[in-house]
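*Asks:* sequence-free structure coming up:
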């Protein structure tokens, strides 16, 4: 006899027009679990730095290792699963995360730290492309809303990681990371159920493929490639700045305001919670006002606040960080859906490319900025990064895809 959760996940075949909210909320929750476990890694950097006597450059190398394994594989996973969907790969990917966290909890050297975070990154590289496809399959045409629901789970999880670090890992040490790995077991179970639903509804993917050519924008191949290039530049701007905040905001606060590491985790949680709120707003607003408008607002619109943040006192630093988090987070859903509109039928490839680049830029940014901090100071790094959102000006070069769809 089936449980209630299994019945909801194995419902009768649905029409393409119907939004399947139980699936969207379940895949969003597993995204929360996935990114919560991942965000524990940068959250425990102050502890790792003291325990292993690490430099900022070595901290950056840990992030680079994690982000590279999370980024380089994603486009290939997405490309392969566009041709041959693998519904149960989601649960398998979460198993890599479980193994990585267990190894991290007992790591005794810098090299073992690198292996453990690489395993967590591999889990992420499998999770994001296929789960993005599930979200679009269950969207019922409300792609911005579906992507936001999916994405907000990840951002909420990223916000919870520092909170778990402050409440569990900081007081009890690195071995307590193994307690957090229980979330991976829950994720494996839920993703196996999602895999069953996905496998039973692959006919919806086929029915959508038939309509891809009708929805293709009336743009030349060169213009589509140029637009993708602009979007990737915007991803660079956003995630280089985000790498600065997620990896070094705690160090910036400790260095400038002399607060405790535990207090700094709570302020990082406030920033990441704001990121989660901005994410859930970005998708629906993009559906309503147009994704290009939201991209403009999210990247370029955040610049005044990033430019003020390095010079504010503690109270206004936190206020500005919350504002920055809310605004800058609204871009990703809009960018990803805009890109899938440019290249219909390649959701896995596009999701893998953009999630992969996001992770890659985060890792590269963390390594570069960590090295810069070693040679200058954390305050200098924050002053330099404040100018990154000004790259948002290139949004004006993007074609108006939504208007073209309406005309065609």
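*Replies:* Sure, I can see it. Predicted, not measured: the structure shown is a model, and the values here were computed from it.
*Asks:* so what's residue 36 up against?
*Replies:* 156-158, 160-161, 164, 180, 183 (C-beta atoms under 8 Å, 6 or more residues apart in numbering). For the C-beta atoms, the positions are set from N, CA and C on the backbone; glycine is no exception.
*Asks:* among the residues you listed, which two are most distant?
*Replies:* 156 and 180 (15.3 Å; C-beta to C-beta).
*Asks:* for this protein, which residue is closest to the average position?
*Replies:* residue 154 (6.1 Å; C-alpha atoms, centre = their mean).
*Asks:* where's that residue, which helix or strand?
*Replies:* Under the criterion of DSSP states H and E, residue 154 resides in helix 143-164.
*Asks:* So which elements touch the helix or strand just after that helix?
*Replies:* Remark: after helix 143-164, the chain's next helix or strand is helix 170-172, criterion DSSP H and E. Counting contacts by 3 or more C-beta pairs under 8 Å, 6 or more residues apart in numbering; DSSP states H and E, helix 170-172 packs against helix 261-289.
*Asks:* pull the longest helix from this protein.
*Replies:* helix 221-257 (DSSP state H).
*Asks:* tell me the mean pLDDT for it?
*Replies:* For helix 221-257, mean pLDDT is 89.
*Asks:* List the contacts of residue 334.
*Replies:* Applying C-beta under 8 Å, 6+ apart, the residues near residue 334 are 144, 282-283, 285-286, 291-292, 294-295, 298.
*Asks:* low pLDDT regions in the stretch 101-250 of the chain?
*Replies:* 203-217 (pLDDT under 70).
*Asks:* please redo it, this time with the cut-off set to 90
*Replies:* 108, 121, 123-178, 180-181, 195-225, 228-229, 232-233, 235-240, 242-243, 246-247 (pLDDT under 90).
*Asks:* And residue 322, what's its pLDDT?
*Replies:* 96.
*Asks:* I figured residue 153 hits residue 127, correct?
*Replies:* No - here residue 153 does not reach residue 127: they are 11.3 Å apart, not a contact under C-beta atoms under 8 Å.
*Asks:* how close does residue 106 sit to residue 43?
*Replies:* 18 Å (C-beta to C-beta, to the nearest Å).
*Asks:* and the contacts of residue 334 as TSV, adding neighbour count and distance to residue 88?
*Replies:* Shown next, in TSV, are the contacts of residue 334 (neighbours: other C-beta atoms under 10 Å; distance: C-beta to C-beta, whole Å):
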residue	neighbour count	distance to residue 88
144	22	28
282	31	30
283	28	27
285	20	34
286	29	31
291	27	32
292	20	37
294	28	34
295	27	34
298	29	35
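*Asks:* More neighbours: which of residue 106 and residue 43?
*Replies:* Using other C-beta atoms under 10 Å as the criterion, residue 106 and residue 43 rank with residue 43 on top: 27 against 12.
*Asks:* What are the phi and psi values at that one?
*Replies:* phi -70, psi -30 (degrees, to the nearest 10).
*Asks:* What sits closest to it if chain neighbours are left out?
*Replies:* The shortest distance from residue 43 to any non-neighbouring residue, by C-beta to C-beta, 6 or more residues apart in numbering, is to residue 165 (3.6 Å).
*Asks:* What of residue 306?
*Replies:* residue 386 (4.4 Å).
*Asks:* Can you give me the pLDDT of the one you found?
*Replies:* The model's pLDDT for residue 386 equals 96.
*Asks:* Does it touch residue 305 like I think?
*Replies:* No - between residue 386 and residue 305 there is no contact under C-beta under 8 Å: 9.1 Å.
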